[in-house]
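Colleague: Pasting a predicted model and its sequence here:
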Amino acid sequence: METVKGPCRSAEEEITCLVETHQLALLRLCFAYLHDRALAEDAVQETFVKAYRKLDQFQGKANVKTWLSSIAVNCCRDIRRGSWFRHVDRSISIDQLPISAEETITEDDTVSVEVMNLPIRLREVVLLYYFEDMNTTEIAETLRISQQAVSGRLLRARAKLRKALGSAEGGVWNE
């Protein structure tokens, strides 16, 4: 099995490459979870610290993006478990995410608001599937759940979105 590090790369060079390649996608993911840019930046930083520490143990069984996303999701979950986190209003829409996603956001932000209103278990699969372009296998590996659970959550999320948006606006959610 291949490792993340190439034969001529040091761990520092490899983590720098990973940061340059995946930082923005992880920041979007963490911001969608935490609804706070500073906390999202902290989660991304913690993700790369953990990845650096475990870099020599990564065996290539999963895609690097999936591995990093899994670490990021766990960092976000740890932050959300904090008691003070539950007492702060963090309602946002997808268009408030720190990285531009013009191709996924229409002028009417109804869809993004409804996605952000989904329960976290449904929202996370929608964000990973539609906004991070992960397939169900990668999402299952990232969230450490079965592919059937991912598919079920996507179905439930689409149904909730169809209901919230009405059948005429639900286009992409009718898949």
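Modeller: Perfect, I can see it now. Computed from a predicted model, the values in this text were never measured in an experiment.
Colleague: what residues are up against the residue nearest the centre of the chain?
Modeller: Nearest to the geometric centre of the chain sits Leu29, at 3.5 Å (CA atoms, centre = their mean). For Leu29, the contact set (CB atoms under 8 Å, 6 or more residues apart in numbering) comprises Ser69, Ala72, Val73, Cys76, Leu127, Leu128, Glu132. Backbone N, C-alpha and C define where each C-beta goes, glycine included.
Colleague: check which helix or strand covers the nearest residue to the fourth one once chain neighbours are set aside.
Modeller: Distance criterion CB to CB, 6 or more residues apart in numbering; nearest residue to Cys76, sequence neighbours excluded, is Tyr33 at 3.9 Å. Per DSSP states H and E, Tyr33 falls inside helix 11-34.
Colleague: After that helix, which helix or strand is next? Please name it.
Modeller: Tracing the chain past helix 11-34, the next element assigned as helix or strand by DSSP H and E is helix 37-54.
Colleague: I'd like the distance from that next one to the chain centre, please.
Modeller: 13 Å (CA atoms, centre = their mean, to the nearest Å).
Colleague: ok, now stretch 58-73?
Modeller: When C-alpha coordinates are averaged (CA atoms, centre = their mean), stretch 58-73 and its chain have centres 12 Å apart.
Colleague: repeat for stretch 31-51
Modeller: For stretch 31-51, the distance to the chain centre is 11 Å (CA atoms, centre = their mean).
Colleague: now swap in stretch 158-165 and tell me
Modeller: 21 Å.
Colleague: mind listing which of the contacts of Leu29 are in helices?
Modeller: If you go by DSSP state H, the contacts of Leu29 have Ser69, Ala72, Val73, Cys76 in helices.
Colleague: Export those residues to a markdown table and append columns for pLDDT.
Modeller: Output for the ones in helices among the contacts of Leu29, formatted as a markdown table (pLDDT from 0 to 100):
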| residue | pLDDT |
| --- | --- |
| Ser69 | 91 |
| Ala72 | 93 |
| Val73 | 91 |
| Cys76 | 89 |
